[in-house]
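Visitor: quick check, what structure comes out for this input:
(one chain, ligands or ions: 2)
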Amino acid sequence: MTELSKRIMEIVLMSLGEGFVKKYYEAEFNGCHGYLRIINYSPPDDFKEEVEGLGMHTDMSCVTVVYPDEIGGLQVRSREGKWMDISPCEGTLVVNIGDMLQAWSNGKLRSSEHRVVLKKPVNRFSLAFFWCFEDEKVILAPDEVIGEGNTRMYKPFVCLDYVKFRESSEKGKFEKVGFTVKDFAGINITRTHPPENLS
Ligand SMILES: O=C(O)CCC(=O)C(=O)O
Ligand SMILES: [Fe+2]
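Guide: Ligands and ions are numbered 1, 2, ... in the order given. So this is what the prediction gives:
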């Protein structure tokens, strides 16, 4: 899984800019580590229709590789706020971009908002591998990744501080996660002068 995550990261860097693998892969992602979570979702005894197995959230990782079983239920939210089913397909893994990569890429890569919905009264299993920056890493999007003429969207922050922020705002369980990396480190652009040509 680690090797797979590294390969995915290389491809992601290739897509962000020419020469970025050489410049940033070793320098920025060398300290990444991963952990695997085995998840068992049990339907409630009084199951009637759909129930939420895991509430809407974004992952705190750089990338997450998910292996869902054949039951289905993973959903991702579109920009317009529509929930879309990620149908399981044999031999296929699901890859999510996480918050750490969203901040590092200055928002060029979007951390997916997703959830799990149980649609049938059966147990559901999944494996999720979270590949993350080291706790002490300071995430700061390189100027070249931001690109000329674009504004920096996130203040630099220490990874572990974000993890703690999320843990303290999640109220114990995966309820609706109201806060993401934007709330933690997003820079509010305040105008220093009124917009022109507004008459
Ligand atoms: O179980 C799944 O399919 C997804 C799990 C997930 O999103 C998570 O653990 O962060
Ligand atoms: Fe997730």
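
Visitor: direction included, what does whichever strand or helix holds residue 126 pair up with?
Guide: Assigning secondary structure by DSSP states H and E places residue 126 in strand 124-132. When pairing is defined by DSSP bridges, strand 124-132 lines up against strand 33-41 (antiparallel), strand 63-68 (antiparallel).

Visitor: just checking, what packs against the next helix or strand after the shortest one?
Guide: Toward the C-terminus, strand 63-68 is succeeded by strand 74-77 as the next helix or strand (DSSP H and E). With contacts defined as 3 or more Cβ pairs under 8 Å, 6 or more residues apart in numbering; DSSP states H and E, the packing partners of strand 74-77 are strand 83-85, strand 114-118. (Glycine included, C-beta is placed from N, CA and C.)

Visitor: and the longest one with strand 124-132, angle?
Guide: I take that to be strand 114-118. 170 degrees (axes from the mean of the first three to the mean of the last three Cα atoms, to 10 degrees).

Visitor: and strand 114-118, what does it pack onto?
Guide: By 3+ Cβ pairs under 8 Å, 6+ apart, strand 114-118 packs against strand 51-57, strand 74-77, strand 124-132.

Visitor: one step back: can I get the strands paired with strand 124-132 in CSV with mean neighbour count?
Guide: As requested, the strands paired with strand 124-132 are arranged in CSV below (neighbours: other Cβ atoms under 10 Å):
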stretch, mean neighbour count
strand 33-41, 13
strand 63-68, 21
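
Visitor: out of those, which is closest to residue 100?
Guide: Checking the strands paired with strand 124-132 against residue 100 by Cβ to Cβ gives strand 63-68 as the closest, at 9.0 Å.

Visitor: quick revisit: how far out from the middle of the chain is the next helix or strand after the strand holding residue 126?
Guide: Remark: after strand 124-132, the chain's next helix or strand is strand 138-139, criterion DSSP H and E. Its chain's C-alpha centre and that of strand 138-139 lie 16 Å apart, by Cα atoms, centre = their mean, to the nearest Å.

Visitor: what's downstream of strand 138-139, the next helix or strand?
Guide: helix 143-146.

Visitor: contact partners of that next one?
Guide: The contact list for helix 143-146 (Cβ atoms under 8 Å, 6 or more residues apart in numbering) reads 16-17, 20, 23-24, 104-106, 108, 152.

Visitor: helices or strands up against whichever helix or strand comes after it?
Guide: Next along the chain after helix 143-146, taking DSSP H and E as the criterion, comes strand 157-158. Helices and strands touching strand 157-158, as assessed by 3+ Cβ pairs under 8 Å, 6+ apart, comprise strand 138-139.
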